[in-house]
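**Q** need a 3D model of the following:
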Amino acid sequence: GGDGGGEATAPPPAPSAPMTEEELNDKPKRIYRYFKSLVRQWEDDLARRPDDVRRTAAGKNETKTLKQCRDYIRPLFQLCKRRELADDLQSHLFRIVTECEAGEFVRAHDAYMDVAIGRAAWPIGVTMVGIHARSGRAKIESSNVAHVMNSESQRKYLTSVKRLMSYAQRKRPDVHPSKKVMNL
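**A** Residues are numbered from 1 along each chain as shown. From the prediction side, this is the model:
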C-alpha cells in the first residue's frame, strides 16, 4: 500500500519565482538554473522510490547514472557561475534550455547534435591520396570541428546534458509525442 505515507505523495518541486526580463536573457544563469533543477528533480524522484525498487539491478543502475551525471555536469555549472562558458557553446546550450522548457524536445535534440558533433564536413573514406596535403583537408581539421571533441570535460558534461534532456522529456507527459525524441 502507499496511500497513507506522506513521503510517497510529496508534491513536485515548486518552480522558483518568475524570472525577470533580465534573468530570462542571462544565458549562463538560465543554463545553470535549468539543469540544476533537473538534477534536483531526478534526485527527488530516486529518493521517493520504494526500497524494493532501489535494490533491483535497474534501480541501482539509475542511481549510478544520476551520480555520474551529477559529477560530470559540475564543470559546466562552474563555468556558468564564473561566466566563462564559450559564446558558441553557451548559445547552443541556451537553445537546448529554451527548447526543452517549451517542450520542443526534437528541436532541443537538434541543438544538442549541433554542439556535440557539429555540422562539419566529415572526412569519409580515403583522405590522403596525393603526395601533398590538400587545402580542403585543413578546413576539415580546423573551423567546423565539433566542440565535444575539444576536451574530456566537455564530452562528459555534454553527455550529462543529454541525460538531463532525456529525463526532462520523460517528466513531461503534457508534450505531444511528435515533439519528443523516441529511442529506437
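**Q** same question for stretch 92-102, mean pLDDT?
**A** Averaging pLDDT along stretch 92-102 yields 96.
**Q** how far does that stretch sit from its chain's centre?
**A** 10 Å (Cα atoms, centre = their mean, to the nearest Å).
**Q** name the element the residue nearest the centre of the chain belongs to?
**A** Nearest to the geometric centre of the chain sits residue 161, at 1.6 Å (Cα atoms, centre = their mean). Assessed by DSSP states H and E, residue 161 sits inside helix 152-170.
**Q** can you list contacts of that helix?
**A** The set of residues external to helix 152-170 that reach it, using Cβ atoms under 8 Å, 6 or more residues apart in numbering, is 35, 38-39, 41-42, 65, 68-70, 72-76, 89, 93, 96, 100, 105, 108-109, 112, 115-116, 147-149, 175, 180-181. C-beta coordinates here come from the backbone N, C-alpha and C atoms, glycine included.
**Q** what subset of those residues is buried?
**A** The neighbour count (16 or more other Cβ atoms under 10 Å) marks 35, 38-39, 41-42, 69, 72-73, 75-76, 89, 93, 96, 100, 105, 108-109, 112, 115-116, 147-148, 175, 180-181 as buried among the contacts of helix 152-170.
**Q** what is the mean pLDDT for the strand or helix carrying residue 76?
**A** For residue 76, the host element (DSSP H and E) is helix 57-82. Rounded to a whole number, the mean pLDDT of helix 57-82 is 95.
**Q** next helix or strand past that helix?
**A** The helix or strand immediately downstream of helix 57-82 is helix 87-101, counting by DSSP H and E.
**Q** which outside residues touch that following helix?
**A** Helix 87-101 is contacted by residues 27-28, 30-31, 34-35, 76, 85, 105, 107-108, 111-112, 114-115, 147, 154, 161, 165, 168-169 when judged by Cβ under 8 Å, 6+ apart.
**Q** that one versus helix 152-170: what angle between them?
**A** With axes from the mean of the first three to the mean of the last three Cα atoms, to 10 degrees applied, the angle from helix 87-101 to helix 152-170 works out at 10 degrees.
**Q** tilt between helix 87-101 and helix 57-82?
**A** Computed by the same axes, to 10 degrees, the angle separating helix 87-101 from helix 57-82 equals 130 degrees.
**Q** average model confidence for the next helix or strand after helix 87-101?
**A** Per DSSP H and E, the first helix or strand lying C-terminal to helix 87-101 is helix 105-116. Here helix 105-116 scores 92 as its mean pLDDT.
**Q** how about helix 105-116 as CSV, C-alpha atoms only?
**A** The C-alpha trace of helix 105-116 is given here as CSV (Å, rounded to 0.1, in the frame of the first residue of the first chain):
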residue,chain,number,x,y,z
PHE,A,105,12.5,18.1,-27.5
VAL,A,106,13.2,17.3,-31.1
ARG,A,107,14.5,20.9,-31.7
ALA,A,108,16.5,20.6,-28.4
HIS,A,109,18.0,17.3,-29.7
ASP,A,110,18.9,19.1,-32.9
ALA,A,111,20.7,21.8,-30.9
TYR,A,112,22.4,19.1,-28.9
MET,A,113,23.6,17.3,-32.1
ASP,A,114,24.9,20.7,-33.4
VAL,A,115,27.0,21.2,-30.2
ALA,A,116,28.1,17.5,-29.9
